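Q: Predicted model follows, preceded by the sequence.
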Amino acid sequence: MEVTILMSPVHDVIGVIGGSGLYELLDDSTSREMSTPFGPPSGPVTIGTVGDRQVAFIARHGPGHQYQPHRIPYRANLWALHELGVRRVLAPCAVGSLDAAYGPGTLVVPDQLVDRTSGRVKTFFDQDGGVHAPFADPYCPDLRKRVAAHAESVGWPPLTDATLVVIEGPAFSTRAESRWYAAQGWRIVGMTGVPEAVLARELGMCYVPVALVTDLDAGAAEGQGVSHQDVLAIFEQNIGRLRELLMGVLAELPSDSSCGCAELVADFPATPTLPA
C-alpha cells in the first residue's frame, strides 16, 4: 500500500499537540474525527483560529489521558495534522528537571534531545530501505527563537540551553538513572519527545517542544521521587499561564517561515510503502 505525503509549501495551519494536563486549547472550534494509514490518532482534532492563524489541536494522550507515553499513536497524530495542512507544530509537554536550580514552574525550550526509548516505531519509512532523516538539530530554529522571545516578553524567561532526554516509561527514572542523566549534562527528562520530533522532521514539519518543569527528578531531590499526581498538580497550577503563552505565540507567528526544515527532507520518497 502506498500513501502520498503532501509536501506543498503553501499552508498556514499551525498545529499544537497538548501534553499531560492540556487536553483542550481552543474555545471556539470544530471537532474533526480523523483516520490515517496508521490507525486513528489519539482523539479528534479541534480546529479554530487564533488571531488570523488557523490552528489544529490534538491531545497527545487522548481527551481522557487514556494513552500511556509508549502507547501514543504518534504516527497517526503527526499524519493527521499534516493532512490538515499543518507545517509548524508547537508541542507543550510536562518534564522533570535534572537540576535543582530549575524547579517546578520553569519553562524550557530545549535545543537538543537524547533518545533512551525502546520499542517505538520511529519512522514513516520502515518499508523503504535507506531513508535517513537529518536530525543533528532536532528542533526548528525559527520556532525556538519565537517561542523564547515571546516568553521573555511576558515575564516567563525560558531555559534554552537544555537537552531533553526521552525515556521509555511509563515508570519514572530510578535515582541512579536520574543521576546518570544529570552527569551527562542533560537538563530535563520526559517520555513523549520521541518519536514525535523525528516523525515531524520526516514530514518536513517545523517542530518545537514547549516544556514545563513539573517536578525535580529522583536524582535531583530527596524523598520518594516523582508521582504522576504531583506532575498533574503542578501542570494544573501553571495551565493558565501556559495557555496564554501558546496563544500569544500563535497570534504572532508569521504566515511562513524561512527556517529550511522542509528542505532537509526534500529528497525523501513522496510515497512511503506501508504493509498491505
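A: Ah, there it is.

Q: Would you map the helices across the chain?
A: In the chain, the segments counted as helices under DSSP state H are 74-83, 141-153, 175-183, 193-202, 228-252.

Q: now those helices in JSON lines, with mean neighbour count, distance to Val166 and mean pLDDT?
A: (C-beta placed from N, C-alpha, C; glycine too.) JSON lines is the format used below for the helices of the chain (neighbours: other Cβ atoms under 10 Å; distance: least, Cβ to Cβ, whole Å; pLDDT from 0 to 100):
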{"stretch": "helix 74-83", "mean neighbour count": "24", "distance to Val166": "12", "mean pLDDT": "96"}
{"stretch": "helix 141-153", "mean neighbour count": "18", "distance to Val166": "17", "mean pLDDT": "98"}
{"stretch": "helix 175-183", "mean neighbour count": "16", "distance to Val166": "11", "mean pLDDT": "96"}
{"stretch": "helix 193-202", "mean neighbour count": "25", "distance to Val166": "4", "mean pLDDT": "97"}
{"stretch": "helix 228-252", "mean neighbour count": "17", "distance to Val166": "15", "mean pLDDT": "87"}
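
Q: could you redo the ones you listed as JSON lines and give each row distance to Val114?
A: Shown next, in JSON lines, are these (distance: least, Cβ to Cβ, whole Å):
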{"stretch": "helix 74-83", "distance to Val114": "18"}
{"stretch": "helix 141-153", "distance to Val114": "17"}
{"stretch": "helix 175-183", "distance to Val114": "8"}
{"stretch": "helix 193-202", "distance to Val114": "9"}
{"stretch": "helix 228-252", "distance to Val114": "20"}
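
Q: Identify the residues contacting the residue minimising distance to the centre of the chain.
A: Geometric centre of the chain, nearest residue: Ala91, 3.3 Å, by Cα atoms, centre = their mean. Counting by Cβ atoms under 8 Å, 6 or more residues apart in numbering, Ala91 touches 16-17, 19, 60, 193, 196-197, 207-210.

Q: repeat that with 7 Å
A: Listed by Cβ atoms under 7 Å, 6 or more residues apart in numbering, the contact set of Ala91 reads 17, 196, 207-210.

Q: One more: Ala80?
A: By Cβ under 7 Å, 6+ apart, the neighbours of Ala80 are 34, 36, 41, 45.

Q: Pick the one among these closest to Glu252.
A: Of all the contacts of Ala80, Val45 has the smallest distance to Glu252: 22.6 Å, by Cβ to Cβ.

Q: State the pair within the contacts of Ala80 that is farthest apart.
A: Pairwise over the contacts of Ala80, using Cβ to Cβ, the maximum falls at Thr36 and Val45, 10.9 Å.

Q: Compare neighbour counts for those two and give me the winner.
A: Val45 (23 against 18; other Cβ atoms under 10 Å).

Q: Please look at the more buried one and Ile58 and confirm they touch.
A: Yes: contact criterion Cβ atoms under 7 Å: Val45 and Ile58 qualify, at 5.1 Å.

Q: Count the residues that sit near Arg187.
A: Residues lying near Arg187 (other Cβ under 10 Å) number 26.

Q: do you know how far it is from Ser257?
A: Arg187 sits at a distance of 26 Å from Ser257 (criterion: Cβ to Cβ, to the nearest Å).

Q: cool, His228 as well?
A: From His228 to Ser257 the distance is 36 Å (Cβ to Cβ).

Q: remind me which residues of the chain are low pLDDT?
A: The model of the chain has pLDDT under 70 over residues 1-11, 128, 222-226, 271, 273-276.

Q: closest to Arg243 among the contacts of Ala80?
A: Val45 (17.9 Å).

Q: Now do the contacts for that closest one.
A: Per Cβ under 7 Å, 6+ apart, neighbours of Val45: 32, 34, 56-58, 80, 84.

Q: Generate TSV for these, with distance to Pro73 as supplementary columns.
A: Listed next are these as TSV, based on distance: Cβ to Cβ, whole Å:
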residue	distance to Pro73
Arg32	16
Met34	11
Ala56	16
Phe57	16
Ile58	10
Ala80	9
Leu84	16
